Structures are given as C-alpha cells and as structure tokens.
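Asker: here's my sequence, what's the structure:
(one chain, ligands or ions: 1)
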Amino acid sequence: MVERRGRIVILEGDITRLDVDAIVNAANSSLLGGGGVDGAIHRAAGPRLLEECRAIGGCSPGDAKLTRGYDLPARWVIHTVGPVWHGGGQGEDETLARCYRASLSLAESQGLRSVAFPAISTGVYGFPLARACRIALREVDRFLERARHVEEVVFVAFGADALDAYLSAERERALG
Ligand code: APR
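Answerer: Below you'll find the predicted structure:
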C-alpha cells in the first residue's frame, strides 16, 4: 500500500530494502547496534557499518550522524536517537521533532534527494505511535517547504497498525 502526497510517500514494508539515498536508523546513544530497526539495518549493511559507528563515538538524543550504507541498497544511513517515552512530560515531543529536523538537515547538507524514515521511538522506546506520526509529518512538511536538495521523504510503516497511524495522521493534516 502506497499513499503519495506531493513529495511525501507512506508505505508499508522493511526499510532495509529501500533503494533511496539514505535510510534513517532509530539507534541508541552508543550507536553500537541493538534490536528493532537498528538490528535489521546492521544485519543488512554488514559489519563495516558497526566499524564506522564505533569511530563516531555516539550520538545524543535528538541529534543525527551520517555513515555509509555498505551492503544496503541505500547509499547512506542517518543514525538518530529518539527519546525514551516517560509519559510525555520530559520533552519527548520536542526531542522527537529534533530527530526529524537533524536527520533532514544532514541529508540536505549532503545533497541527498530521497530519505526514508522508520517510526522513530515507537518500538522499544515506547513513544505512542499516533502522536509520533503527527510529529513526523509536521516536521517533514515544514522542512520540505524550504529544502533545496531533498525531494522525497518516505515514511516506512512496519506493519498494518503503523500504516493506519500514518494514514490517519496524514488525513488529519489534509483536513487542517
Ligand atoms: N523497517 C521499518 N521499520 C521497522 C523495522 C524495519 N525493518 N523494524 C522495526 N521497525 C519499526 C518498529 O515497528 C517501530 O515502529 O521501527 C520503529 C522503531 O522501533 P525500534 O526499532 O524499537 O526503535 P526505537 O523505539 O526508537 O528504540 C530504539 O531500540 O533496538 C534498539 O538500538 C535501538 O536501543 C535502541 C532502541
């Protein structure tokens, strides 16, 4: 299922299979790998990804770092660290918004044209899916208004629930 609105695409699938300029990884501060989408990306990229991540030395929540994609179809990986959900009173919304802004700024400064995002923080880190999708769409919309290089942003829903959440958030935006 693919939904397209201008330069935004919403699809269900596995982000490691996408042939885009960069895929975004929902990493942890160590950048040394983990489960979820992080584990899948490291498995698909091969061991050279971990080597490069080791040399970076970590990443703060809300920030983003760039590596090559190695054995992935995507040429680059943008690693960002989302907030752990603690109920919403600890700046989680803003940290998540910063993940999207930092990742897109990095893509823009690298001259990349297509970027794919997983639903950052909505797995192990427990951020509510619907709320996360609204923030993601808002930040990407704002960013695309000014982007010079980034032409297309793909939201990858991992499973039917995530797809529903993105499509509902998208409908809400369209209704204003
Ligand atoms: N493709 C796309 N999305 C995926 C994939 C995949 N192959 N695998 C998982 N996802 C989705 C999950 O369904 C979830 O919606 O990515 C979203 C983020 O989930 P997590 O990977 O658990 O990431 P996050 O909640 O940000 O937690 C980060 O998990 O594995 C660790 O190292 C990582 O410690 C960090 C933490």
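Asker: so what's the residue most central in space within the chain up against?
Answerer: Nearest to the mean C-alpha position of the chain, counting by CA atoms, centre = their mean, stands F117 at 3.0 Å. Residues in contact with F117 (CB atoms under 8 Å, 6 or more residues apart in numbering) are 15, 23-24, 100, 103, 136, 140, 153-156. C-beta: built from backbone N, CA, C; applies to glycine.
Asker: one more time with 10 Å, if that's ok
Answerer: By CB atoms under 10 Å, 6 or more residues apart in numbering, the contact list for F117 reads 15, 22-26, 37, 78, 80, 99-100, 103-104, 136, 139-140, 153-156.
Asker: enumerate the residues of this protein near the ligand.
Answerer: 14-16, 26-28, 34-40, 82, 118-125, 156, 158, 162 (CB under 6 Å from any ligand atom).
Asker: which of these fall within strands?
Answerer: 26-27, 156 (DSSP state E).
Asker: any residues touching stretch 155-174, and which ones?
Answerer: Under CB under 10 Å, 6+ apart, the answer for stretch 155-174 is 1, 3, 5, 8-18, 20, 23-24, 36-37, 40, 116-119, 122-123, 128-138, 140-141.
Asker: all helices for the chain, in order.
Answerer: Here the chain has its helices, by DSSP state H, at 36-45, 47-56, 92-109, 129-146, 160-175.
Asker: buried set for the second one?
Answerer: Under the neighbour-count criterion of 16 or more other CB atoms under 10 Å, helix 47-56 has 49-50, 52-53 buried.
Asker: point out where the chain drops to low pLDDT.
Answerer: Within the chain, the ranges that satisfy pLDDT under 70 run 1, 3.
Asker: please name the residues that touch N28.
Answerer: Contacts of N28 (CB under 10 Å, 6+ apart): 34-36, 38, 58-59, 61, 79, 81-82, 84, 124-125.
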